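Engineer: Sequence and predicted model, in that order:
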Amino acid sequence: LLYVVMILCNMMVLLAIAWCKELHQPMFILLFSLPISDMIGATAFFPQLLWSIATQNSSIPYAACFIQAYLIHVYGTGNLMILSVMAYDRYIAICFPLRYHEILSPLTLVKMILSVWVITLSVMGSVFLLHKQYKICRTNIVDFYCNNPSLLKLMCGETNVSNYYGLVFIVLVQGAPLAMMVYTYAQILYVCVSTKSTDARQKAIQTCSSHLLVYILLQVNTLFTLLAHRNPNVHPSIRRAFGLSVLVFPPLLDPIIYGLRVKKLKKGLKML
């Protein structure tokens, strides 16, 4: 039921953006990728979970485990990248409103969206391709689902290269969007404080609050999950709970947050 709700909520956001001409603006064109990424994450996990419950069989083929891990990491990385370009969109809209459509032209939007997905797919692809050199000598996965740390624990031999490589990309994937968010929102905050128009200030805060809330939700969930996996002293049940929260809360809450807090999207959803 939870999976169905996630898919329906995210599909409604996609349909609203595609159907309502008023939403054919840079902000919503960039937002269009977020429900897609959320559905990738949910679909990578929940069908396998439902199959395991229905068949009373918790085993998963290694190939399926590998694909599941790849898609889950694509979802996490994709969401951070999408929210980063959306932060840039808000920065241009508030700090350079007169040049908004000039800077974020249709060609620029296409380049931004393609860059997000090409970088996400290729970065995660390079991380998982390193696993091809190792043999599998263990079969027990300690988490609810397959991911990069759990796959590394199944492999024989020295896996430090893959481990360090993964850590570098974690820093980049977490750090680059964080730097983008800090810079853009510092500039937005400065403009909001400087402006004399109360209406403009309130509109800027309302526009950015949904985006910032979604980003904090994802970043906090992801950060705690990564720290729990890297710390051997963390109890397995706590590690599983954090891991599960990453795949439950963002895909479920993202469309609800945007649907309730963004007036134009709320209006578009009512038109469906």
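Structural biologist: Cool, the structure landed. Residues are numbered from 1 along each chain as shown.
Engineer: which residues of the chain fall in strands?
Structural biologist: Remark: strands of the chain are absent; assignment by DSSP state E.
Engineer: Give me the most central residue, it.
Structural biologist: The chain has residue 79 as the residue nearest its centroid, 2.1 Å off, counting by Cα atoms, centre = their mean.
Engineer: so what's that one scoring on pLDDT?
Structural biologist: At residue 79, the predicted lDDT confidence score is 93.
Engineer: unless I'm mixing things up, it is touching residue 251, no?
Structural biologist: No. Residue 79 is not in contact with residue 251 according to Cβ atoms under 8 Å; the separation is 9.2 Å. C-beta: built from backbone N, CA, C; applies to glycine.
Engineer: Between those two, which contacts overlap?
Structural biologist: With contacts taken as Cβ atoms under 8 Å, 6 or more residues apart in numbering, the residues that reach both residue 79 and residue 251 are 38, 41.
Engineer: And for the spatially closest residue to residue 188 that is not a sequence neighbour, the neighbour number?
Structural biologist: Of all residues beyond its chain neighbours, the one nearest residue 188 is residue 94 (5.1 Å), with distances taken as Cβ to Cβ, 6 or more residues apart in numbering. Other residues within reach of residue 94 by the criterion other Cβ atoms under 10 Å amount to 25.
Engineer: show me what contacts residue 94?
Structural biologist: The contact partners of residue 94, taken as Cβ under 8 Å, 6+ apart, are 188, 191, 192, 204, 207, 208.
Engineer: Out of these, which sit inside helices?
Structural biologist: Mapping the contacts of residue 94 onto helices (DSSP state H) picks out 188, 191, 192, 204, 207, 208.
Engineer: so the fourth one touches residue 189, yeah?
Structural biologist: Spelled out, that is residue 204. No. Under the contact definition of Cβ under 8 Å, residue 204 does not touch residue 189, with a separation of 9.3 Å.
Engineer: who has more neighbours, the two?
Structural biologist: Comparing residue 204 with residue 189 by neighbour count (other Cβ under 10 Å), the higher total belongs to residue 204, at 21 against 14.
Engineer: Quick check: pLDDT value at the residue located most distally from the centre of the chain.
Structural biologist: Here the chain has its C-alpha centre computed as a mean, and the residue farthest from that point, by Cα atoms, centre = their mean, is residue 196 with 35.3 Å. You'll see residue 196 listed with a pLDDT of 72.
Engineer: Nearest to residue 26, out of the ones in helices among the contacts of residue 94: which one, please.
Structural biologist: residue 207 (12.4 Å; Cβ to Cβ).
Engineer: quick one, what contacts the closest residue to the closest one other than its chain neighbours?
Structural biologist: Taking Cβ to Cβ, 6+ apart as the measure, residue 207 lies nearest to residue 90, with 6.4 Å between them; neighbours along the chain are not counted. Residues counted as contacts of residue 90 (Cβ under 8 Å, 6+ apart) are 27, 184, 188, 207, 208, 211.
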